[in-house]
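> Sequence first, predicted coordinates after that:
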Amino acid sequence: TVEFDWGMDIYLARQIVSSKLELISGRLPIGTTQPILGPVSSRMGEIFEFAVIGEETDPMELRSIADWTIRYRLQGVEGVSFVINLGGFIKQFQVYLKPKMLKNYDVTINEVKEAIENSNRNFSGGIIMKGSQETLIKGVGRLETIDHIQNTVITSRNNVPVYVKDVADVKIGPKFRRESGSHNGKESVYVTIEKQYGGDTLIAIANVKQTLAQIAEDLPERINIKSFYDQSILIVKSIEHVEISILEGTFLIILVMMFFMWNLRSSFIASLTIPFSILIALVLMDLFGIKLTVMSIGGLAIGIGKVANGSILMVENIYRVLREKKGQASTLELTSEAAKDVG
């Protein structure tokens, strides 16, 4: 984990880390996976979660659909940074070697491994020029079926090719898993969606929902998508809470001011501080690129109470000074004096 100072440009930080990784990548031990940077996101960016479920469906099939159908389509949605799948079983082609046959053909495990790896790739065959046209030649060699692996040539003995099927059994099976997911006590795949850094949560979730509705039409009938966490619901409820807090605060200020001062004008002046303060805060948030998130809305809700308390103290003290020192100075001077008393 690399930590930077608060306010550091995230993209500049990624560029610095990337350049440092390039310097050390050549000195890593043999067999080490090349280090890569993850997406620009965090745990706070997890905005939507759902489960891929299916009655009497193989968990390996659920995971394959989540990995190769749902995830790839969601990664192209505007506002989505990363899609995480948990649960089910990852599909694998598994090669079970036969020790006796390896000895019989004088073939090592490493030879089998290298033969499969070298056969599992596409390559470029160059370009054929014909007049003003260019034809690209592509060699397709990716292994896609069990037969492809079984018929892979390892070596030859007495001019007779030795195939993988001669020394091993090839099957489709699940990869050893380190996590599991369930929904209502049944195997499922949990999918977590993270939004892009600085993106609008509500827009991103709306795009995700629209895409999921399209994906659901293409899935087999027995497989369904069931959402269980939607941050937009929390944001909408928080906005409604802020609206209710504004109305309640305005009403209580008028009630308190009328009860203690019996002055309708002062009550309305104090009550107007809440909507104007919220409006100014929203304008400043827009200028500085701060989106309406759970944290920002929570701050506005807390701020309403502070504003209400301060406005009551300020207006009450100004009203008292104007009444007690009426005629001793101008209204503006007395108002300034009263404001300084409160701070």
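Cool, the structure landed.
> what sits against the closest residue to residue 134 other than its chain neighbours?
Among residues not flanking residue 134 along the chain, residue 127 sits closest, at 5.2 Å (Cβ to Cβ, 6 or more residues apart in numbering). Just so you know, the C-beta spots here come from the backbone N, C-alpha and C atoms, and that holds for glycine as well. Remark: with contacts taken as Cβ atoms under 8 Å, 6 or more residues apart in numbering, residue 127 is in contact with 134, 135, 136, 137.
> Of those, which is the nearest to residue 255?
Compare each of those with residue 255 using Cβ to Cβ and the shortest gap goes to residue 136, at 78.2 Å.
> Am I right that that closest one is in a strand?
Yes - counting by DSSP: H, G, I helix; E, B strand; the rest coil, residue 136 falls inside a strand.
> Could you say which helix or strand holds the residue lying closest to it once chain neighbours are set aside?
The shortest distance from residue 136 to any residue that is not its chain neighbour, by Cβ to Cβ, 6+ apart, is 5.8 Å, and that residue is residue 127. In this assignment (DSSP states H and E), residue 127 forms part of strand 123-130.
> strand partners of that strand, parallel vs antiparallel please.
Using DSSP bridges, the strands paired with strand 123-130 are strand 133-139 (antiparallel).
> For the partner strand, what is the distance to the chain centroid?
Centroid separation between strand 133-139 and its chain, computed with Cα atoms, centre = their mean, to the nearest Å, is 39 Å.
> heads up, I number from 43, so please use that
Okay, using 43 as the starting number, the last item reads as strand 175-181.
> moving C-terminal of it, what's the next helix or strand?
Helices and strands here follow DSSP H and E; after strand 175-181, the next one along the chain is helix 188-192.
> Now that following helix: buried residues?
For helix 188-192, the neighbour count (16 or more other Cβ atoms under 10 Å) marks 188, 190, 191 as buried.
> Helix or strand with the lowest mean pLDDT in this structure?
Using mean pLDDT, DSSP states H and E, the weakest-scoring helix or strand in the chain turns out to be helix 306-313, at a mean of 71.
> list the helices and strands it packs on?
Packed against helix 306-313, as judged by 3 or more Cβ pairs under 8 Å, 6 or more residues apart in numbering; DSSP states H and E, are the following elements: helix 273-303, helix 336-366.
> Could you export those as CSV, including distance to residue 154?
Written out in CSV, the entries for the helices and strands packed on helix 306-313 read as follows (distance: least, Cβ to Cβ, whole Å):
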stretch, distance to residue 154
helix 273-303, 49
helix 336-366, 54
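> which residues does the residue nearest to residue 87 when sequence neighbours are not counted contact?
Distances taken as Cβ to Cβ, 6+ apart put residue 236 closest to residue 87, at 4.4 Å, once the chain neighbours are dropped. Residue 236 is in contact with 81, 83, 84, 87, 88, 89, 122, 123, 124, 125, 126, counting by Cβ under 8 Å, 6+ apart.
> The helix or strand hosting residue 236 pairs with which strands, parallel or anti?
In this structure, residue 236 is located in strand 231-237 according to DSSP H and E. When pairs are called by DSSP bridges, strand 231-237 turns out to pair with strand 88-96 (antiparallel), strand 122-129 (antiparallel).
> The longest one: which residues count as buried?
Using 16+ other Cβ under 10 Å as the test for burial, strand 88-96 gives 88, 89, 90, 92, 93, 94, 95, 96.
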